[in-house]
Each structure stands twice: as C-alpha cells, then as structure tokens.
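>>> sharing a model prediction with you, sequence too.
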Number of protein chains: 4
Amino acid sequence: MAEKEKISNRDKALFEAGIKLGALYHQFIGTPVSAETVEDLEKTIERSVSLQPWVRRVLVKIDREKVRKSENKKKFQYCELSNEMLDVKVVVRYEAVEVHARVKYEEEMDYPLMRVEKVK
Amino acid sequence: MAEKEKISNRDKALFEAGIKLGALYHQFIGTPVSAETVEDLEKTIERSVSLQPWVRRVLVKIDREKVRKSENKKKFQYCELSNEMLDVKVVVRYEAVEVHARVKYEEEMDYPLMRVEKVK
Amino acid sequence: MAEKEKISNRDKALFEAGIKLGALYHQFIGTPVSAETVEDLEKTIERSVSLQPWVRRVLVKIDREKVRKSENKKKFQYCELSNEMLDVKVVVRYEAVEVHARVKYEEEMDYPLMRVEKVK
Amino acid sequence: MAEKEKISNRDKALFEAGIKLGALYHQFIGTPVSAETVEDLEKTIERSVSLQPWVRRVLVKIDREKVRKSENKKKFQYCELSNEMLDVKVVVRYEAVEVHARVKYEEEMDYPLMRVEKVK
C-alpha cells in the first residue's frame, strides 16, 4: 500500500471530529428552547456529546439574543434550536493527536460552517 | 356545517397531545446517553416539551436497566436513546379539556405505543 | 367512568392525526434539499408517513421558491428543509372517523401551525 | 506555526467525510420504512447526502432482511430505519484528496461503526 493510503492517527482524529459535529448538529437542531431553558440545553448537549468515543471536551454556546428575538416574533414564548443560534467547540483526542473543531453559523455565508481550528 | 364537522376544544386537546408525543419521540431518539447522564436527559426533555403550547406537565422516564445493558454490550460506555427505553407522560390542557397521553414501549408488540390514558 | 372520560373513535382519530404531524416534522426538518431533489423528497416523505397506522393519504408540498432563494444565499447550492418550506396534509382514518390535518408555516405568526381542517 | 498544526487538504477531506457520516446517521435514523419503500428511501438518502459540499458518491444499502423481520415482529407492517439496517459508503473529494468512508453496523460490537476505508 502506498504511503498515501495508510490511515494515520491524525487522519482518524480528524475523521472522528467531523463525525461529532455532523451528528450533534442533526440530533439537536429543532429542540424546543427558551431563554429559561437555554443553559440547561447547553449542558445536556455537552454531556451527551462527551459520551462519544475520543471526545475530550465540548463547549456549547447557544446565542441568547437570537433565542429571545425568535421567541418574541412568535405567539408562543419559545422557539426551536436553529443553526443560527449554535456555536459548538469539540476537542477530540485519538492516540497522541488532538483536534479542535467547531461549528458556528457564519452570517455572510448564511451557513453553519464546520471547521478544524487546530491540530496538535 | 354538520355537527360532526365542528371542531371542539376536546378535539383540539387530543390533537395537540398527539403532536407532542410524535414530536418528542422523533426529536430525542438517537441522543447519546449513559447511566450517568440519564437523569439529566430526562429533565431536559421534560423542560423542552413543557415549552410547547398547551402542555401542563411532562414526566419522562428512561429505563436505567436497559441503558446499562445496552452500554455493556458495546465497546464504548454509552448508548443511544431508543424507543425501548422511553416512557413519557404528557398532560395537555386546551381550554377546559385536559388530556393525559403516554408513549411507552410495549414488549409484546415491539412497538412504542402512544395512547390516550384519560380525558377530563 | 363519567361520559366525558370515555375515549371515542373520534378522540383516537384526532390523537393519531396529531402524532403523524408532530413526528414527520421532527423527522424530516434538516434534510439537505435542492431544487433538483425537492420532488423526490416530497414523494419519500409521503410514502414514509403513509406506512404509519391509520394514515389514508399524505400530500407534501415543499415551497420551491423558498428552496431556490435559500440555495442562492449560500455558497453551496443546497439548503436544509426548514419549517417555512413545508406544507403537509395528512388524512387519518380511525374506524369510521376521518380527520384531515395540516402543518403549514404561517408567515404572520412565524410558526409552523398544525391544525385540524376537517373531521368527518 | 509548527508543521503539525498546519491543516492540509488531506485533513480537511477526512474531517468532511466524518461530518457527512455523522450527519446522515442522525438525520435519517427513525424514518418509517417497509420492504416496499426501502429502495425509494435509499435513493433519497443518496441524493440528499450528495448535495453536501465535497461529496462525490454515496451508496446506501438498507438491509431488506432486517426490515422484513422487524416488520413481522410488529402489529403494523412497517418499522423505523435503525442503525442495524444501515450500510452507507461516502466518497468525499477535497482538492486532490479522496476519502472513502463507511458506516456499517458491526454485529459483534453492536455498534454502527464509522471508518475510513481508503484515502487517495
């Protein structure tokens, strides 16, 4: 097998980081949330994602300003967790390789961009 | 319009109870969970569903025995919330009508049966 | 048991209609879609929901205009199925009772309203 | 920045492959399916995932044997798409790097294992 085709620990760490972001995004988007429950939901997502293999740390921030605005536009005082509200950092460690990845909504792109911030 | 076609408060209460069960089931199934996070997840589902219109009470029970067994079958110490683990009671009130509904896995049917337990 | 507490076929039909709308909404929201795949996705949702108990008919309309606009705002030529795009009619029949229910986004409310349109 | 911290095209390709598998898994698990709709659902998942950035090919196989068995255990002739039924191969290309990744249920592990099969 050529060098290029060998799958390294670094490769696996990056692959695993991608899995976590893709999974949490499609699992939790749509969850009913309000200004009162937002902190609780952040913690639950963090604890839930932390259970998965190779995850070292998870930091979830849900934009309270957007939750509040979205609540107020509606007849009922709650909204659904949407991609614009979400900023999640995940640190995955596979053997000696640590990957810091993040999903965060980018206003100009109107897109919840997932990216690798650091590999070490 | 014939009597039969009028939509009563009772009709609406039953319809709303169905919505809540269908929605929570498809929202939360698949969430990573372990014996350590199960209580936290129950509370988060309760708080989240309680935000929705006409909901008065929500009681979520996740079967710890099944979570533990499912964890142990796996290489990694967690599992995904599945329909066999879930027992949720929702009380919906629309005007003067209160509906008690429940989703609970029925072993003999191998099915997460949703049913109306009481209307008052 | 008082008359009020008896659960009729009509009650069950309404409850089942609610289940279907709540379930499909949280199952399919977030699915990647484009102008090219929108018709295919409509059919798949219809066929999938039709499998569930008591469902007689399902009609799914995804707003092509909104799909196209949402695509064009983004760097990549696709978007995710969102509540603003969705208009679904479900007919449920339980014994002799037929319920026509619908979920459709209401602009003024900024809300995907679920309602009973007819009982017969 | 040290060599190790630079993020290469290979890194990005692996990360993107992980995202696709994590996302599709949590998006489509739970969808009602039967022997009659299984092929249609496979095609819809393939077309949907193919819309996402950097995806070159998607091959979805849903285990018909398991769908049929699961249907027969139930009162109603359908089941929900579950992790045991799913085998998906995704080819992602980021610049000159192509990653072949797969999610497939592993009986011995009772786990839907996601892995990199090839990088070239």
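Looks like it came in fine.

>>> can you tell me which helices and strands the longest helix along chain A packs against?
Ranked by residue count and defined by DSSP state H, the top helix of chain A is helix A:9-28. Using 3 or more C-beta pairs under 8 Å, 6 or more residues apart in numbering or on different chains; DSSP states H and E, the elements in contact with helix A:9-28 are helix A:38-50, strand A:86-94, strand A:97-106, strand A:111-119, helix D:9-28, strand D:111-119. Placement of C-beta: from N, CA and C, glycine included.

>>> identify the bridge partners of residue A:115.
residue A:102 (DSSP bridges).

>>> can you tell me how far it is from residue A:14?
As judged by C-beta to C-beta, to the nearest Å, residue A:115 and residue A:14 stand 11 Å apart.

>>> quick one: which of these two has more around it?
residue A:14 (31 against 14; other C-beta atoms under 10 Å in any protein chain shown).

>>> now do the more buried one, the pLDDT please.
Looking at residue A:14, its pLDDT is 98.

>>> and what of residue A:73?
For residue A:73, pLDDT reads 77.

>>> hmm, it is touching residue C:110, no?
Yes - at 4.6 Å, residue A:73 and residue C:110 qualify as touching, with contact defined as C-beta atoms under 8 Å.

>>> so those two - more neighbours on which side?
Relative neighbour count places residue C:110 above the other of residue A:73 and residue C:110, with 15 against 11, counting by other C-beta under 10 Å.

>>> distance check, the more buried one against chain D.
24 Å (C-beta to the nearest C-beta, to the nearest Å).

>>> does the residue most central in space within chain A have beta-bridge partners, and which?
Centroid check for chain A by C-alpha atoms, centre = their mean gives residue A:88 as the closest residue, at 3.7 Å. Here residue A:88 sits in beta bridges with residue A:60, residue A:103, going by DSSP bridges.

>>> and it, how close does it get to residue A:48?
12 Å.

>>> now do the shared contacts for these two.
Both residue A:88 and residue A:48 are contacted by residue A:24, under the criterion C-beta atoms under 8 Å, 6 or more residues apart in numbering or on different chains.

>>> what does chain A put close to chain C?
Contact residues, chain A versus chain C (C-beta under 8 Å from any C-beta of the partner chain): A:26, A:29-30, A:70, A:73-76, A:80, A:83, A:109-111.

>>> which ones are touching the residue in chain A that chain D sits nearest to?
Using C-beta to the nearest C-beta, the closest approach of chain A to chain D is made by residue A:18 at 2.4 Å. Residue A:18 is in contact with A:101, A:114, D:14, D:15, D:16, D:17, D:18, D:19, D:20, D:21, D:22, counting by C-beta under 8 Å, 6+ apart.

>>> how does it look with 10 Å?
Applying C-beta atoms under 10 Å, 6 or more residues apart in numbering or on different chains to residue A:18 gives the contacts A:90, A:92, A:99, A:101, A:114, A:116, D:12-23, D:92, D:99, D:101, D:114.

>>> one step back: any idea which helix or strand comes after the longest helix of chain A?
strand A:32-33 (DSSP states H and E).

>>> do that following strand and chain B meet at all?
Yes - using C-beta under 10 Å from any C-beta of the partner chain, strand A:32-33 reaches chain B at A:32, A:33.

>>> partners of that strand, with directions?
With DSSP bridges as the test, strand A:32-33 is paired with strand A:79-80 (antiparallel).

>>> how about residue A:77, secondary structure?
coil (DSSP: H, G, I helix; E, B strand; the rest coil).

>>> what about it, neighbour count?
The number of residues packed near residue A:77 is 13, by other C-beta under 10 Å.

>>> which secondary structure state is assigned to the closest residue in space to it that isn't next to it in sequence?
Spatially, and ignoring its direct neighbours in sequence, residue A:77 is nearest to residue A:71 (5.3 Å; C-beta to C-beta, 6 or more residues apart in numbering or on different chains). What three-state DSSP gives for residue A:71 is helix.

>>> hmm, residue C:111 and residue A:71 touching each other?
No - taking contacts as C-beta atoms under 10 Å, residue A:71 lies outside contact range of residue C:111: 11.4 Å.

>>> what's the overlap in contacts for the two?
Shared contacts of residue A:71 and residue C:111, counting by C-beta under 10 Å, 6+ apart, come down to residue A:79.
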